[in-house]
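Visitor: return a 3D structure for these sequence lines:
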Amino acid sequence: MTEFTGAAWARPRPSSAGFRGDLALALGLAFAAALTSLLYARTGIYEEPAAPGVWVAGLALCTLPLAWRRRYPVPVAVVVAVGFFVCGQFEVPETLIINICLFTALYTVGAWESNRPVALWTQLGISVAMIGWLVLMLIVASSEEDAFPSISRSGIFSAYATFAVLQIITNLLYFGGAYFFGERSWRAARTQAQLEAQGRELELERRTSAEQAVALDRLAIARELHDVVAHHVSVMGIQAAAARRSIDASPERAVAALEVVEESAHSAITELRGLLDTLRTPDAESGATTVGIAHLPALVAESQGVGVPTTLVVVGETRPLPMLVDVALYRVVQEALTNVRKHAGRGVQAVVRLRFEREAVEVEVSDDGVRHRVTGGGSNGEGSRLGLRGMRERIGAVGGELFAGRREPAPDAGITGGFMVRARVPVAPAHTVHSADIGNPVETVNAPAERDRA
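Guide: Numbering: from 1, shown residues only. Next up, the predicted model:
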């Protein structure tokens, strides 16, 4: 969040409209000062008023500089203070308007000067100078019999002493008020600016979050579409090719292959419709994301049906998994088997291992294909960058890790090479649930996971 401390924040300079308002204020005060000074002179209170030149200069110095009060607050305050001194010292017949002008100038210093130490010392200096001048004038007047002749000067607590104290208190309140209201205006403006800056930051964060949410939704949709379409289209392609090759020699096999194509197309349409329903109604319980590891036997059977001998091995005691983890593991196996069919070559065999550990669950899809692959170029072969990226994003989103790479030949261990994809996701320990049915074809091995690691 934005913070403003000390002089780090500067109040923005007034616009041209603001300057026009200050100019109108200055001209209005100048007119009022000229009018009231003529009225004061008419009363006869000032026995020897200032000469016309001093009269005009004093009033002009007090009023006209206020047109630039918010652009140059400190210089304007100093000039107005000088004009106030000229009016008082040389008996310019005006009191009301010049006090308003000096108060406005001191207030503006507190409200608009960005350099706070300069603002404080300017207000303090002018206030002390004015009060000192007042005290000096009161001391001088106390020794003049013709000054305030109706006020008694006898005794420590004389009427004149009381009058002098009232004058000093009035001036202290006057200068203190100018400082208080100026400082309060500065703090209010700074708080307002801070709130506006925070509002802009919150709006930016809101927009960024919204854009990120849209991007994540697009990634999720892309992963779902890739998993659904790539899997079923690969099956349809293999079976269509088989039907084309056997349509003359063995029409029965061609018909069976075309039936598989039809089933795959139907399954793809069903999953796509489920995905669209999920997008339209995010809170719906049904949709494309209801698949999970319980459907792994169907994937294995489908892989066998298209000519890739595949075995499902379950290690450990099965137990329910969080929905997101369940879907992510299923999609990894689906994508890996799709890439086995696409890239592993003829005669390949695949093994799907599902391992339940105390604090983690792991799936592994490996094959013994001999076709050359580019490590990192795809999840299980060349050109499958989207598949590998999608698997990593899925597993990363649930806090897991994914490894994909070639297996080095190791004849002693019965490994002839090929490719392997392994996804491991930490899960909270749970009690064994014997009712979880993974299905067939399954080779269940209740032994440590290391026994089946490639």
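Visitor: just checking, Gly369 touches Asn339?
Guide: No: using CB atoms under 8 Å, Gly369 is not in contact with Asn339; the gap is 10.0 Å. Every residue, glycine included, has its C-beta placed from N, CA and C.
Visitor: shared neighbours, these two?
Guide: Common neighbours of Gly369 and Asn339 are listed as Phe419 (criterion: CB atoms under 8 Å, 6 or more residues apart in numbering).
Visitor: compare these two (neighbour count), which wins?
Guide: Taking other CB atoms under 10 Å, Gly369 and Asn339 do not tie; Asn339 has more neighbours (30 against 26).
Visitor: mind checking pLDDT for the more buried one?
Guide: In this model, Asn339 is scored at 83, pLDDT.
Visitor: before we move on, what about Thr375?
Guide: Taking Thr375 on its own, its pLDDT is 38.
Visitor: quick one, helices of the stretch 351-454 of the chain?
Guide: 385-397 (DSSP state H, counting those that start in this stretch).
Visitor: let me redo that: the chain
Guide: Using DSSP state H, the helices of the chain run over 16-43, 52-63, 73-89, 96-112, 116-142, 159-246, 251-280, 296-305, 323-343, 385-397.
Visitor: can you list the domains in the chain?
Guide: 6-205, 294-454 (automatic domain parsing).
Visitor: before we move on, back to that, weakest of the helices of the chain by average pLDDT?
Guide: Among the helices of the chain, helix 251-280 scores lowest, at a mean of 71.
Visitor: apart from its neighbours in sequence, what residue is nearest Thr311?
Guide: Val351 (5.1 Å; CB to CB, 6 or more residues apart in numbering).
Visitor: residues in contact with the one you found?
Guide: 310-311, 313, 364-367 are the contacts of Val351 under CB under 8 Å, 6+ apart.
Visitor: how about TSV for the helices of the chain, with distance to Phe403 added?
Guide: Below are the helices of the chain laid out as TSV (distance: least, CB to CB, whole Å):
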stretch	distance to Phe403
helix 16-43	66
helix 52-63	82
helix 73-89	68
helix 96-112	64
helix 116-142	60
helix 159-246	19
helix 251-280	27
helix 296-305	19
helix 323-343	11
helix 385-397	10
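Visitor: looking at these, which is nearest to Ala404?
Guide: Of all the helices of the chain, helix 385-397 sits nearest to Ala404, with 5.9 Å by CB to CB.
Visitor: buried stuff in that closest one?
Guide: Within helix 385-397, the residues that count as buried by 16 or more other CB atoms under 10 Å are 387-395.
Visitor: tilt between that helix and helix 159-246?
Guide: 130 degrees (axes from the mean of the first three to the mean of the last three CA atoms, to 10 degrees).
Visitor: what is the neighbour count of the closest residue to Pro322 other than its chain neighbours?
Guide: In this structure, Pro322 finds its nearest non-sequential neighbour in Val427, 6.9 Å apart by CB to CB, 6+ apart. Burial of Val427 is recorded as 19 neighbouring residues (other CB under 10 Å).
Visitor: was I right about Val427 contacting Arg358?
Guide: No: checked against CB under 8 Å, the pair Val427 and Arg358 is beyond contact range at 9.3 Å.
Visitor: picking that back up, residues contacting the residue nearest to Pro322?
Guide: Val427 sits next to 321-322, 325, 359-361 when contact means CB under 8 Å, 6+ apart.
Visitor: in strands, which of the residues you listed appear?
Guide: Secondary structure defined by DSSP state E assigns 360-361 of those to strands.
Visitor: could you dump the contacts of Val427 into CSV with distance to Val261 and neighbour count added?
Guide: Below are the contacts of Val427 laid out as CSV (distance: CB to CB, whole Å; neighbours: other CB atoms under 10 Å):
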residue, distance to Val261, neighbour count
Leu321, 32, 21
Pro322, 35, 13
Val325, 32, 22
Glu359, 43, 9
Ala360, 38, 16
Val361, 34, 23
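Visitor: would you reformat the contacts of Val427 as JSON lines and include distance to Val109?
Guide: Formatted as JSON lines, those follow (distance: CB to CB, whole Å):
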{"residue": "Leu321", "distance to Val109": "69"}
{"residue": "Pro322", "distance to Val109": "64"}
{"residue": "Val325", "distance to Val109": "65"}
{"residue": "Glu359", "distance to Val109": "68"}
{"residue": "Ala360", "distance to Val109": "68"}
{"residue": "Val361", "distance to Val109": "70"}
